[in-house]
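K.L.:
Pasting a predicted model and its sequence here:
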Amino acid sequence: MKTSELAIKCFLACWGSRTPDRLNVIAGGQPGLAVGQFVSGDYFSTLGVQAFLGRTITPADDTLSADPVAVISYAYWAQRFGRDRQSWVGP
């Protein structure tokens, strides 16, 4: 892949990361706040990032018929869920 193609792909994949949003989160019946970003399905693959547990979003998640998907950071998982491996949901 040419450098210019990679730059365009990264721009398109990372466009959603322009401004983090504050999100209301309810997990296990407990409300909380999180900071999040809406990104495309190519975001993690473009950056070369893999999930510690579960999976990241993919281009298949960009379709209207796809189920909603969220990816949380390791820090959020540790702080909110105490690193409990049973607390995540996904394939």
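P.N.:
Yep, it's here. Numbering: from 1, shown residues only.
K.L.:
Gln37 and Gln30: what is the separation?
P.N.:
23 Å (C-beta to C-beta, to the nearest Å). Where you see a C-beta, it was placed from the backbone N, CA and C, and this is true even at glycine.
K.L.:
who's more crowded, those two?
P.N.:
More neighbours surround Gln37 than the other of Gln37 and Gln30, with 15 against 8 (other C-beta atoms under 10 Å).
K.L.:
now the more buried one: how far from Val71?
P.N.:
10 Å.
K.L.:
ok, now Leu33?
P.N.:
According to C-beta to C-beta, Leu33 and Val71 sit 17 Å apart.
K.L.:
Pick out whichever of the two has more residues nearby.
P.N.:
Between Leu33 and Val71, Val71 has the larger neighbour count (other C-beta under 10 Å), namely 18 against 9.
K.L.:
Could you say which helix or strand holds that one?
P.N.:
According to DSSP states H and E, Val71 maps onto no helix or strand at all.
K.L.:
so who does the nearest residue to it once chain neighbours are set aside touch?
P.N.:
Nearest residue to Val71 in three dimensions, chain neighbours excluded: Thr56, at 5.5 Å (C-beta to C-beta, 6 or more residues apart in numbering). By C-beta atoms under 8 Å, 6 or more residues apart in numbering, Thr56 lies in contact with Tyr43, Phe44, Ser45, Val49, Gln50, Val71.
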